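Peer 1: Make a model of this:
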Amino acid sequence: ALKPAELKFSSSLPNLVTLRTSYPFDLPAPTPSSSATLKQELARLVDSACATISNATVLLESSTLPADESALVDVLPKSVPATTSSAMATASAQLLVAVGSPASTSAGSSSSGGAVQGQARLRGVITGVAVCHRRQGFGRAVSELKSDLQASLRARLDLLVEDALSWGEEAAAAAPAAEGGQQQPQEHLLLRAGALSKPAVLALPRRVAVPWVAPLSLCDYLMPGEDVGAAGERAAELLGSAQDGQVEELEAAVRSAESRQDA
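Peer 2: As a prediction, this is how the structure comes out:
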């Protein structure tokens, strides 16, 4: 027989918490002698870096590593507000990686059998974001945070590869004009012909959060030379309307702190 049921509704936002962490990325990358092996070489480098992230340890406020089955609410820092708030709280997590960087291919050899003419350094800060329920297990929250870091790293390297390959196509199209006496177009640092006198430093694309439906935001990436306005314009074009709110550069604070330390 059917029985009446009482339905209760409540806001879910106070029960959610945003975990953020950052991973400084500074690795030597091989510069292949042709664009054919570029994507394969950088994919191998990303796989190695993702393995490092998978094996990393994540800590919250204390130096004690919680058990994977511990509820997130029981291990959150005291600075994180309780569920009385009407918005999602944010907690910072620390990513501890093993000493030493992932193995990289030395200049002159390649894992794919092709020639490598030099090395470039890929440098940047990767921010990972995971939205978790407060009753979620700590181990699951850490896994989601690491997965976001890995996905963000792969997306950034894909953008670099696309940029280098499109640059190479434009240079090939301009080659006949250069033979006619016009200036030869500059080559991309990842595809520069001939051995490099010193490693070139390439900045990774920067991750930004574009306001969408509060409190949700969309992720986008800025290439070197782009400002936050470019992300806002792309979001407006894709969504068909201008977005209210300020575009946030997720790694700006971390880069500023590192610049002060270097100074």
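Peer 1: Leu16 - how many residues pack around it?
Peer 2: 17 (other C-beta atoms under 10 Å). All C-beta atoms are positioned from the backbone trio N, CA, C, and that covers glycine.
Peer 1: going forward can the numbers begin at 600, since that is how I track them
Peer 2: Happy to do that; since the first residue is 600 now, the last one works out to Leu615.
Peer 1: wait, what's in contact with the closest residue to it other than its chain neighbours?
Peer 2: Leaving aside its sequence neighbours, Leu615 sits nearest to Met687 (C-beta to C-beta, 6 or more residues apart in numbering; 4.8 Å). If a contact means C-beta atoms under 8 Å, 6 or more residues apart in numbering, then Met687 has Leu612, Pro613, Leu615, Val616, Thr617, Val730, Pro814 as its contacts.
Peer 1: What separation is there between the first one and Ala688?
Peer 2: Counting by C-beta to C-beta, to the nearest Å, the gap between Leu612 and Ala688 amounts to 9 Å.
Peer 1: same thing with Ser765?
Peer 2: 41 Å.
Peer 1: which of these two has more neighbours?
Peer 2: Ala688 (19 against 11).
Peer 1: so Leu759 sits right up against Leu803, yeah?
Peer 2: Yes - using C-beta atoms under 8 Å, Leu759 makes contact with Leu803 at a distance of 7.4 Å.
Peer 1: Quick check: neighbours shared by those two?
Peer 2: Overlap of the contact sets of Leu759 and Leu803 (by C-beta under 8 Å, 6+ apart) consists of Leu721.
Peer 1: Sketch out the strands for this protein, chain order is fine.
Peer 2: Using DSSP state E, the strands of the chain run over residues 615-631, 656-658, 688-691, 693-695, 715-732, 799-802, 805-810, 816-821, 847-848.
Peer 1: Make a markdown table out of the ones you listed and add distance to Leu744 and mean pLDDT.
Peer 2: Below are these laid out as a markdown table (distance: least, C-beta to C-beta, whole Å; pLDDT from 0 to 100):
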| stretch | distance to Leu744 | mean pLDDT |
| --- | --- | --- |
| strand 615-631 | 5 | 83 |
| strand 656-658 | 6 | 92 |
| strand 688-691 | 11 | 89 |
| strand 693-695 | 8 | 91 |
| strand 715-732 | 4 | 82 |
| strand 799-802 | 23 | 80 |
| strand 805-810 | 14 | 90 |
| strand 816-821 | 15 | 90 |
| strand 847-848 | 18 | 88 |
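Peer 1: what's the longest helix in the chain?
Peer 2: Counting residues, the longest helix found in the chain (DSSP state H) is helix 737-778.
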